[in-house]
Structure formats: C-alpha cells, structure tokens
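Engineer: the amino acid sequence is not available; the structure is as follows:
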DNA sequence: AATAAAAAATGATTTATATCATATTTCAAA
DNA sequence: TTTGAAATATGATATAAATCATTTTTTATT
C-alpha cells in the first residue's frame, strides 16, 4: 500500500525527520495512527523470548506502516524502527479511519494490502519451516532486491540474520559461500546481487 | 470471522456436505467465493517444494475460509481440505463483494479478521524461527484446545507434525515425552490436554 | 474374523545449525 | 591519528532435529 493513495489528505499529514535506528512505535504500545514513509527505510520486527529480533518486513519510501493494528484494537505486536535517516509523516487514527469510511478506493486499497501481506506471511511460514537457511537467504536476497532496487543492500549482518531467521554467525558463513560462488559482491555492509538466476534456483519454486 | 455475520444473506447460500479429506479449493486455483463451515473442520495448508504440507490454520464450525484470496486477484496460495465430515456453504465472489459494498458492518468484520489473521501469522513466524519443536508443540496444543474446546484433539500425527512444522517421527517422540510428563493423555488419535499451565510454561511468553 | 494397507512407533545415524570462544576489522569520536 | 567499541569473521564443539530403516499397531475391507 502506498502513501500516494493518501495524497488528497495532505492536510492531515504531519511530517517529521527520524534519525537512523529511531523507533516509530514499540511492541506493546497502543496504536495512534499510521506512518507514511516519504524517505528512508523502516524495519518491522518482533522480539522473541530471549530478545532476539525477527524481522517481519522492511518498508521503503512510499509505503505505509502500522495500519494493521488500527483495526485490531490490541497493542502493536511489532516494533517499527528506521534503518537509515528517514522522513516520515503521521496520520492519526481517527483521521485515517474517517478517510476510510468516506473513501471506497482507500478502503479497497487497505483490504487488498492486508490480503497481500497475509499471503506474504503465509509463504514466509512455509519457507521458515521447510527450507534450509541457505535457501531462505537466497529468497531473502530476492525480496531485498525488490526493496533496494538499484542500490546495494545495506543492512547489518545481524539484521540480515534476523530477517532470515538464523544466527549471525551462520549468516556470515553463508555470505562467504555466496561470495565465493560469485552470487553476490560484498563491500563491508553493502551487498550487490550479481546472479539473480542462481538465487532463484537456490531459493527453489 | 464468523458465518453468523452473513446470516442476513441466507438467500445466497448454497449448502453442501463434504466427506472427510475432501478439498474445498486447491492451491493454484482461482477464487470463486467464500466457504462458511456450518459443521466440521477444515485445514488450510501450503505445500512446500518437496510436497510436505505446512498447515497454516485449522478452521472450525462457524468460521469462514477462503476470503483472503478474493481481494488478492491472484490464485489461492493454500489448499483447504476437510478434516472430518463437514457441512459447508458457499457464497459466490460477486455476492460476497456486493454484500461488502452494501454492508459497513460486514466490511469492518472482514478488515478486522484480516488484521487478526495477519497478527497470528506474524507470531507464527517468530515462533517458527526462534522456538524449539518442543516449545512449538506446546504452543500448538494451546491453539488446538481453542479449536477443539471440550472434545479431544483429533488429528493424525502427520497433520500435527505439519502444523508444528516438524518431521512426523520427531512429533511422535515429543508426544511420548508429553505423555510421560503427564501433560497430555493419548487414546490412539485422540489427545486430551491434562495440564494447560505446563503447556503455557513450555510454550513461553 | 482374516487380511491388507495405512498409520504410528522405535531405534540408529547423520547433518544442519546453534552456541561458545576468540580474533580481526571497521567505524565513530575524542 | 589514536583509541575504544561495535561489528564482522573464523574456528571448535555441541545438539536438536531430520533422515533412514524397521517393527508394531490401528484401521478399513473383503
């Protein structure tokens, strides 16, 4: 779902700059509205029992985060945190819900978005339970390339591991394998994909 | 989301009996409508690359399945199959979408249901990536008890394993452990929970 | 009731991945 | 430019869980 679907309500928007690693909202807090990313990137994650993050989604400029919980009437189950300096606008809960009531197009967009995300999560579950870490890493790179489009992927090893759902050490070892196989190119934090076909092959189906 | 929210449209309903292990719809097929379970139980699963099922959800009498894909405009990503003899009614896509346009209460119910399911799946992902099979089995029993309420859980070992996301042999061994620890009672296929507290403790958080 | 087929159970073995320990590199701040 | 801390990397080891093989039990069918 995209911010521009909310363009006709500029009036309601309050835009703000966020530094890197700043939280938009925290797991357990009460939802107050939705966040529209004008610039930057945001990771959404859940913390497991031992505090380890599981990244559920990475949202980029143009995308909206935090609206799922508006309809849930329960606290956020995920934390949203910037991955880089970002400019993000906020739309209050009441405003957003009013807009939805008034605007069938927005309504359809929300429903469609929720459905899409639901499908994504279901695929994620099946991948998580049936694929090896190597396969999941390949799949993760495919996803990340859609997010980082033409610029190199820029995530810490830990974030990458927390997206794939593995230990940081395991991730680092696999990164080395992929590098040696000529699938990726690594410059410190910046990872470029050299062979997408091979990634698709490794990821399977 | 519950069938009774659709009660005012009885006219549109076409009810039908399903035998055990019959499919309502298949992964890859085009969505034609939603299914309302009057009686019985339905498993929703995805098949992984090697054909192993990952059960995503088990729906019981009163629940609706298959509406996510209506808004997706893409084929079903899961298969729905009865776990026992069932009576299920079908509501065509057009009818359902019309009803949604006309009925704000139904609309809100759909949105709320999608949000809830999305939260469930996200928890599922975190559990899958951070918990041991033993912990996940405990958690699965908590979920199953909400579905089977007062009757014993009645699933094949394979289905149980495919819900937990593990090998059937591993599941069987854990079942034995739980039995020996007095957490569950097993009569062939029927499993009763004796100690919910302990399950909650094992499942964590 | 007898028989076959499917499901469940058990045992032995392998393997992927986590964990723990330590070294090296990168990066930010003084 | 030095210094310290955080991030990354590598090695050694442990272990949960998968896999493979076989047996036993349950269920359905004649």
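Structural biologist: Cool, got the structure. Keep in mind it's a predicted model, so treat the numbers as computed, not measured. Numbering: from 1, shown residues only, chains lettered A, B, ... in the order given.
Engineer: can you give me the helices for chain A?
Structural biologist: A:93-102, A:104-130, A:133-148, A:157-164, A:168-180, A:196-203 (DSSP state H).
Engineer: and these, which is most packed in?
Structural biologist: Among these, ranked by average contacts under mean count of other Cβ atoms under 10 Å in any protein chain shown, first place goes to helix A:157-164 (a mean of 21). In this view, the C-beta of every residue, glycine as well, is placed from N, C-alpha and C.
Engineer: right, is that helix up against DNA strand C?
Structural biologist: No: using Cβ under 7 Å from any atom of the strand, helix A:157-164 never reaches DNA strand C; the gap is at least 7.9 Å.
Engineer: go on, stretch A:196-205?
Structural biologist: No: using Cβ under 7 Å from any atom of the strand, stretch A:196-205 never reaches DNA strand C; the gap is at least 11.7 Å.
Engineer: now that stretch: average pLDDT?
Structural biologist: For stretch A:196-205, mean pLDDT rounds to 92.
Engineer: over to stretch A:114-133?
Structural biologist: 97.
Engineer: cool, and stretch A:174-183?
Structural biologist: 98.
Engineer: give the contact list for the residue nearest the centre of chain A.
Structural biologist: Centroid-nearest residue in chain A, with Cα atoms, centre = their mean: residue A:58, separated by 1.5 Å. Residue A:58 makes contact with A:41-44, A:83, A:144, A:147, A:163, according to Cβ atoms under 8 Å, 6 or more residues apart in numbering or on different chains.
Engineer: separation between it and residue A:147?
Structural biologist: 5 Å (Cβ to Cβ, to the nearest Å).
Engineer: identify the contacts common to those two.
Structural biologist: residue A:41.
Engineer: my read is that residue A:30 contacts residue A:75, right?
Structural biologist: Yes: when contacts are counted by Cβ atoms under 8 Å, residue A:30 is listed as touching residue A:75 (5.7 Å).
Engineer: circling back to that earlier point, partners of the residue nearest to the centre of chain A in the sheet?
Structural biologist: Note on residue A:58: beta-bridge partners residue A:43, judged by DSSP bridges.
Engineer: I'd like the distance between it and residue B:46.
Structural biologist: Residue A:58 is 23 Å from residue B:46, by Cβ to Cβ.
Engineer: domain ranges for chain A?
Structural biologist: A:3-127, A:131-203 (automatic domain parsing).
Engineer: how far does the last one sit from the chain's center?
Structural biologist: Here domain A:131-203 is found 15 Å from its chain centre; the criterion is Cα atoms, centre = their mean, to the nearest Å.
Engineer: end to end, how far does that domain reach?
Structural biologist: 8 Å (Cα to Cα, to the nearest Å).
Engineer: ok, it near chain B or not?
Structural biologist: Yes: against chain B, domain A:131-203 shows contacts by Cβ under 8 Å from any Cβ of the partner chain at A:131, A:165-166.
Engineer: what about that domain, near DNA strand D?
Structural biologist: Yes: counting by Cβ under 7 Å from any atom of the strand, DNA strand D is contacted by domain A:131-203 at A:156-158, A:168-169, A:172-173, A:175-176, A:186, A:188-189.
Engineer: could you do the first one as well?
Structural biologist: No: where contact is defined by Cβ under 7 Å from any atom of the strand, no part of domain A:3-127 touches DNA strand D; the two come within 8.6 Å at best.
Engineer: tell me where the model's unsure across chain A.
Structural biologist: A:7-12, A:205 (pLDDT under 70).
Engineer: kindly recompute the last result at 90.
Structural biologist: A:1-14, A:49-50, A:67, A:72-73, A:204-205 (pLDDT under 90).
Engineer: around DNA strand C, pick out the residues from it.
Structural biologist: A:132-134, A:165-167, A:169-170, A:188-189.
Engineer: run the last query once more with 10 Å
Structural biologist: A:20, A:50, A:52, A:131-137, A:161, A:164-174, A:187-190 (Cβ under 10 Å from any atom of the strand).
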